[in-house]
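**Q** Fold the stuff below for me.
(one chain, ligands or ions: 2)
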Amino acid sequence: MKIVVLAGGKGTRLGLTDKPKPMVPIAGKPLLERILETAKGYGFEDFVFLTGHMGDVIADHFGDGTRFGVRLAHVREDTPLGTGGAVLQAADILSEPFVLIYGDILLDVDLSRLIAFHHRKGGVATLFVHPNDHPHDSDLVVLDADGRVASFLPKPHPDGAILPNLVSAAIYVLDPRALDFVPRSGSSDWGRDLFAGMIAAGERLYGYRSVEYAKDMGTPDRVAKGEADLASGKVVRLSYRQPKPAVFLDRDGVLNEEIDGVHTPGDLHLIDGVASQIKLLNTAGIPAICVTNQPDVAKGKMSTQDLAAVFDALDTRLAEGGAYLDDRYFCPHHPESGWPGEVAELKIDCECRKPKPGMLLAAAHDHGIDLGRSWLVGDRYTDVAAAHAAGVRAALVLTGHKGSDKLRFEDEADFIAADFASAIEHILGNLR
Ligand SMILES: [Mg+2]
Ligand SMILES: [Zn+2]
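**A** Ligands and ions are numbered 1, 2, ... in the order given. Modelled structure (predicted):
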């Protein structure tokens with residue numbers, strides 16, 4: 001499969017005068033070379049660079065790719081045609097699905113996994129998506145329960161809006177059919193207009209949610225951050241190269257106040273200090289993954305759309321503190337009948353409802369988590385038992401239910417914390 005890199009950027013904000021944007025040095029090596037080497041490391045050897053501004057600098061550095069052990073074609077545009085038009089220029093060599101990467105992204109992404117997801121879903125396009133620490137000024141992607149892109153929320157967002165925290169990292173897998181949506185003349189952009197047009201035409205696009213590192217290096221500040229993340233090992237640590245520890249987080253009573261039924265965004269009240277503590281995990285490159293039983297969906301007290309809106313509220317409150325959850329898993333099931341309006345097909349004895357470990361095991365599979373080095377923070381012994389069933393250590397916080405279900409379980413917590421901050425302090429100390 002071909003790796004196509006958009007390499008026509010100018011790099012004005014980086015102050016580059018003698019080289020185009022993708023050639024910006026990151027810790028002494030051109031970013032474009034890092035992209036090539038990363039993709040090659042995951043087994044890809046067929047590259048297309050879409051160049052424009054100062055394309056000769058790129059051609060001189062990479063040649064036909066022989067020096068780097070790959071095959072490389074350069075397709076140069078004379079007038080900028082946007083990210084869509086640039087790809088269209090290479091249409092005659094793109095007869096199969098291909099990966100498109102923007103040339104200003106520092107990444108360590110297992111592209112084989114991304115491509116396997118694309119084939120499994122069978123859509124016209126797959127977008128690599130993840131949360132970031134500034135969703136309020138990002139273009140956002142809304143996914144349905146199956147991971148299909150439901151809509152895009154372009155910035156700017158209304159003040160005080162409840163927003164999901166999911167953004168496209170400008171890494172796509174595209175079926176050649178996607179090129180049919182690129183206008184034959186003029187400028188066009190995948191993220192800004194083409195994807196929305198494809199959805200409007202009934203095409204299926206999917207979001208591939210990953211904790212892997214992928215950040216744009218468009219400003220000197222971001223370059224400095226990227227270099228620090230390389231030096232600290234964060235870029236590699238978040239990859240699938242080796243299993244990594246995560247911190248699993250129960251939701252109600254741990255992140256937000258336990259009020260016996262959080263059914264609407266207005267019901268969600270973040271516990272003081274939670275955002276700043278999760279931000280410590282984000283900064284350290286330790287995935288923060290919510291695992292929550294939501295049996296009120298099965299009981300008919302709330303719909304899955306209501307639940308999604310509550311998660312959006314959680315995303316929004318965390319983002320106000322510069323923090324994010326890397327992923328979230330919920331169990332909508334409940335084993336016993338007897339509620340008016342209950343949803344029959346969710347009234348099952350499932351494998352995901354804590355104290356069973358299903359959600360933790362699914363997260364470990366999806367994100368390459370080392371369960372033996374991971375922790376869970378919960379407010380009930382149900383959480384502790386689920387953690388132990390997955391081989392994960394458990395910190396019980398004395399908020400929410402404060403471990404009131406102790407009598408039902410033999411498991412002891414590995415750490416008991418007065419509050420979330422003490423739990424995270426203990427866990428970070430343990431992982432260091
Ligand atoms: Mg709880
Ligand atoms: Zn379940």
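
**Q** Secondary structure element holding F47?
**A** Assigned by DSSP states H and E, F47 belongs to strand 46-51.

**Q** In terms of secondary structure, what does the next helix or strand after that strand contact?
**A** Counting by DSSP H and E, the next helix or strand C-terminal to strand 46-51 is helix 55-62. On a contact count with 3 or more CB pairs under 8 Å, 6 or more residues apart in numbering; DSSP states H and E, helix 55-62 meets helix 31-41, strand 46-51, strand 71-76. From N, CA and C alone the C-beta is placed, and that goes for glycine too.

**Q** Enumerate every residue touching L36.
**A** 3, 5, 47, 62, 65, 68, 70, 72 (CB atoms under 8 Å, 6 or more residues apart in numbering).

**Q** For A7, which residues are in contact?
**A** 20, 22, 32, 49-52, 55, 58, 103.

**Q** repeat for E320
**A** Counted by CB under 8 Å, 6+ apart, E320 has contacts A275.

**Q** From A246, how far off is it?
**A** 23 Å (CB to CB, to the nearest Å).

**Q** residues in contact with the residue sitting nearest the centre point of the chain?
**A** Here the mean C-alpha position of the chain is nearest to the C-alpha of H130 (CA atoms, centre = their mean), at a distance of 2.2 Å. By CB under 8 Å, 6+ apart, the contact list for H130 reads 166-167, 169, 209-212, 214, 326.

**Q** one more time with 10 Å
**A** 141, 165-169, 207-215, 238, 324, 326-327 (CB atoms under 10 Å, 6 or more residues apart in numbering).

**Q** Could you pick out the buried ones from those residues?
**A** Among the contacts of H130, those buried by neighbour count (16 or more other CB atoms under 10 Å) are 141, 165-169, 207-215, 238, 324, 326-327.

**Q** Those: which ones sit near ligand 2?
**A** The subset of the buried ones among the contacts of H130 within reach of ligand 2, counting by CB under 5 Å from the ion, is empty.

**Q** Now intersect the residues you listed with the helices, please.
**A** The members of these all map outside helices under DSSP state H.

**Q** and the contacts of H130, which of them are in strands?
**A** 141, 167-169, 207-209, 214-215, 327 (DSSP state E).

**Q** Mind putting the residues you listed into JSON lines with pLDDT and distance to A421?
**A** Below are the ones in strands among the contacts of H130 laid out as JSON lines (pLDDT from 0 to 100; distance: CB to CB, whole Å):
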{"residue": "V141", "pLDDT": "96", "distance to A421": "32"}
{"residue": "V167", "pLDDT": "97", "distance to A421": "28"}
{"residue": "S168", "pLDDT": "95", "distance to A421": "33"}
{"residue": "A169", "pLDDT": "94", "distance to A421": "30"}
{"residue": "G207", "pLDDT": "98", "distance to A421": "32"}
{"residue": "Y208", "pLDDT": "98", "distance to A421": "33"}
{"residue": "R209", "pLDDT": "97", "distance to A421": "28"}
{"residue": "A214", "pLDDT": "97", "distance to A421": "30"}
{"residue": "K215", "pLDDT": "96", "distance to A421": "27"}
{"residue": "D327", "pLDDT": "98", "distance to A421": "22"}
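
**Q** Need these in JSON lines (columns: distance to V377).
**A** Output for those, formatted as JSON lines (distance: CB to CB, whole Å):
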{"residue": "V141", "distance to V377": "28"}
{"residue": "V167", "distance to V377": "26"}
{"residue": "S168", "distance to V377": "30"}
{"residue": "A169", "distance to V377": "28"}
{"residue": "G207", "distance to V377": "27"}
{"residue": "Y208", "distance to V377": "27"}
{"residue": "R209", "distance to V377": "21"}
{"residue": "A214", "distance to V377": "27"}
{"residue": "K215", "distance to V377": "27"}
{"residue": "D327", "distance to V377": "15"}
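
**Q** Who are the contact partners of the residue nearest to S138 when sequence neighbours are not counted?
**A** Distances taken as CB to CB, 6 or more residues apart in numbering put V167 closest to S138, at 4.5 Å, once the chain neighbours are dropped. V167 sits next to 127-132, 134-135, 138-141, 153, 155, 191 when contact means CB under 10 Å, 6+ apart.

**Q** Need the buried ones from those residues selected in PyMOL.
**A** Selection of buried members from the contacts of V167 for PyMOL, criterion 16+ other CB under 10 Å:
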select buried, resi 127+128+129+130+131+132+135+138+140+141+153+191
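
**Q** List just the nearest of the contacts of V167 to ligand 1.
**A** P131 (21.6 Å; CB to the ion).

**Q** List phi and psi for that closest one.
**A** phi -80, psi 160 (degrees, to the nearest 10).

**Q** which residues does it contact?
**A** 138, 140, 164-167, 209, 211, 282, 288, 315, 318-319, 323-328.

**Q** rerun at 8 Å
**A** 165-167, 315, 324-326.

**Q** Report whether the longest helix that the chain contains contacts ligand 2.
**A** Scanning the chain for the helix with the most residues, using DSSP H, yields helix 304-320. No - figure legend: helix 304-320 not in contact with ligand 2 (CB under 5 Å from the ion); closest approach 12.6 Å.

**Q** could you say which helix or strand contains the closest residue to G358 other than its chain neighbours?
**A** Leaving aside its sequence neighbours, G358 sits nearest to C352 (CB to CB, 6+ apart; 3.6 Å). Per DSSP H and E, C352 falls between elements, in no helix or strand.

**Q** thinking again about what came up before, and which of the contacts of A7 is nearest ligand 1?
**A** After measuring the contacts of A7 against ligand 1 - CB to the ion - the closest member comes out as G103, at 44.2 Å.

**Q** So that closest one sits against L32, correct?
**A** Yes - contact criterion CB atoms under 8 Å: G103 and L32 qualify, at 5.6 Å.
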